[in-house]
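Undergrad: Please work out how this folds:
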Amino acid sequence: MSGFFSGVTNEQLANAALFEGLEDEALEKVKECSFFIGAHPGLHIVRAGSTGFELYIILSGTADVRRDGETVATLGKGDLFGEMALLGGHTRNADVVATSVMSLLSMSAADFRRIASDVPDLESRVREIAEGRRATTS
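TA: Numbers count the residues shown, from 1 in each chain. A predicted model of the protein is given here:
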């Protein structure tokens, strides 16, 4: 799968807080277990209430997080969403809608667990992000 990432550098991945400070070997594993996807403005990348099993990391572009039709956050380069799907909360709690042309990395929960077994710090980072978001949505 790393062919999808011929133009994505380890430095670009390290811009995401989730991957900041990881060794090149760990970043290579991330690229091997991930998919590169694109989105156009207006595309619903995830929908509230749908089942999710993957995490998304924004490499470029922006998206709005919407609940009940209201924008509650704007995400950009280095931000991630879908982290709760990795931790067992499979129902999406918000819509994420592209507001520009976007490049994203998508990683399944199974692939994330595989990488996290080699890089245990990843799971704790995802838990911190998820807990922070739960606190702001409660």
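
Undergrad: How about residues contacting the helix of greatest length in the chain?
TA: As assigned by DSSP state H, the longest helix anywhere in the chain is helix 121-137. Where contact means CB atoms under 8 Å, 6 or more residues apart in numbering, the residues beyond helix 121-137 that reach it are 17-18, 22, 55, 67, 72, 80, 83-84, 86-87, 89, 93, 112, 115-116. C-betas here are computed from N, CA, C, even on glycine.

Undergrad: What of stretch 78-92?
TA: Contacts made with stretch 78-92 from outside it, assessed by CB under 8 Å, 6+ apart, are listed as 15-18, 45-58, 63, 65, 75, 93, 96, 109, 112-113, 126-127, 129-130, 133-134.

Undergrad: For the spatially most central residue of the chain, what are phi and psi?
TA: The centre of the chain sits closest to residue 56, judged by CA atoms, centre = their mean, with a distance of 2.4 Å. In this entry, residue 56 is assigned phi and psi values of phi -120, psi 140 (degrees, to the nearest 10).

Undergrad: same deal with the one 5 residues further on?
TA: The main-chain torsion angles of residue 61 are listed as degrees, to the nearest 10 and equal phi 100, psi -180.

Undergrad: Next one, pLDDT for it please.
TA: pLDDT, the model's per-residue confidence, is 96 for residue 61.

Undergrad: Give me the neighbour count for it.
TA: The local packing of residue 61 (other CB atoms under 10 Å) involves 19 other residues.

Undergrad: what sits against the nearest residue to it once chain neighbours are set aside?
TA: Spatially, and ignoring its direct neighbours in sequence, residue 61 is nearest to residue 102 (3.1 Å; CB to CB, 6 or more residues apart in numbering). If you count contacts by CB under 8 Å, 6+ apart, residue 102 has them with 38-40, 45, 58-63.

Undergrad: No further questions, thank you.
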